[in-house]
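>>> Return atomic coordinates for the entry below.
(one chain, ligands or ions: 1)
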Amino acid sequence: MKLVHKLGYAEFNAANLQRELGYYTDIMGATVVETGGDGTHFLSLGLDHHNIALKSAAAPSLGVTGFQLSPGVELKAFESRLTEHGIRHTRLTDARPGIPALVEIPEIAGHRLQFYAEMAMPAPGFARTGIVPNRLGHIALMSPEGAKLVKFFTDVLGFHATDWFEDVATFLTCNYDHHVLNIIAAPVTKMHHIAFEMRGSAHQYQASDALARAELPILWGPSRHTAGHNYASYHYDHEGFLVELYADMDIFVPGQDYFEPRPWHEQMPQRPRVWPLSQLNAWRTEFAADLARA
Ligand SMILES: [Fe+2]
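Next comes the predicted model:
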């Protein structure tokens, strides 16, 4: 059973909170909906109470990743499922603004995850300036226990594996996107990248210009990936988090176990498959750089 509907938010610890806040407001075009008593900023891309949260810390890191449960899945049923699988979790009430109740898994394969049924929708609207993505699309998590994380998301939460780069990266979805999650088996525990959806190639070009004006160099792209076939570019934000901007991602058709056909597909029909590591084009250098920096 598919228990999760979408990636809801990522909370980052930032060494220079004001500068990172400037990245997300001025450059990305997110809107601050609320600032907590501890100074944590909660930012919306347009509808939800928050899609990004920024917290002051000694060093940059991904703090927590939040997922919204599928419509009709209640927290109680979700907790039972976790208990059945022996996964340690806690129910938290009013722990985050905009979310009355959530279930937290404090640690699984080195990552902290939260799951919620409802989030307030103050709908600040899409910003008039900045890149202004459609939405938060996916997050890529690295862990030495990558296989454990994949097993958790597939066997316990009902995610579908949609592609693999040998035994290094596994793409997972809980909706129609080719991937909502990317799990990377690596010697380090951290986020590899976070990805925001652009409206299309014209928007991708405008975003590239905005990044150039902000003196944030593009590390790779815009170019089309193999797995997922999204048209993507990558840059580091002010805290050194890798950010992907993408469009045109493959659309998964669950009952058919293939992706909606596109002219650039290598196979007809294009189905989930194992790709050679040599085609991990965008990441080869970035992946190595990340490991070197860890
Ligand atoms: Fe990505």
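>>> in the sheet, who's paired with Trp220?
When bridges are called by DSSP bridges, Trp220 pairs up with Tyr234.
>>> ok, it to the ion distance?
From Trp220 across to the ion, the span is 11 Å (CB to the ion, to the nearest Å). Bear in mind the C-beta positions are built from the backbone N, C-alpha and C, glycine included.
>>> you'd agree that residue is up against Tyr234?
Yes: with contact defined as CB atoms under 8 Å, Trp220 reaches Tyr234; the gap is 4.9 Å.
>>> Those two: who's more crowded?
Per other CB atoms under 10 Å, whichever of Trp220 and Tyr234 has more neighbours is Tyr234, with 20 against 17.
>>> do you know how far that one is from the ion?
Between Tyr234 and the ion the computed distance is 8 Å (CB to the ion).
>>> Can you give me the pLDDT of that residue?
pLDDT, Tyr234: 93.
>>> Also Pro133?
Value for Pro133, per-residue pLDDT: 98.
>>> So it sits against Ser44, correct?
No: using CB under 8 Å as the test, Pro133 is too far from Ser44 to be in contact (11.7 Å).
>>> all strands for the stretch 1-150 of the chain, in order.
4-14, 31-35, 41-44, 52-56, 61-69, 90-96, 99-108, 111-116, 135-143 (DSSP state E, counting those that start in this stretch).
>>> residues touching the residue in the stretch 51-200 of the chain that the ion sits nearest to, list them.
The ion sits closest to Ala195 of the stretch 51-200 of the chain, with a gap of 4.3 Å, by CB to the ion. Contact analysis of Ala195 by CB atoms under 8 Å, 6 or more residues apart in numbering lists Leu136, Gly137, His138, Ile139, Ala140, Ala232, Val243, Glu244, Leu245, Tyr246.
>>> Make a ChimeraX selection of the buried ones in the residues you listed.
Applied in ChimeraX, the following selects the buried portion of the contacts of Ala195 according to 16 or more other CB atoms under 10 Å:
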select :136,137,138,139,140,232,243,244,245,246
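>>> Can you lay out the contacts of Ala195 as a markdown table showing distance to Ala120?
Shown next, in a markdown table, are the contacts of Ala195 (distance: CB to CB, whole Å):
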| residue | distance to Ala120 |
| --- | --- |
| Leu136 | 16 |
| Gly137 | 21 |
| His138 | 23 |
| Ile139 | 22 |
| Ala140 | 27 |
| Ala232 | 31 |
| Val243 | 25 |
| Glu244 | 27 |
| Leu245 | 27 |
| Tyr246 | 27 |
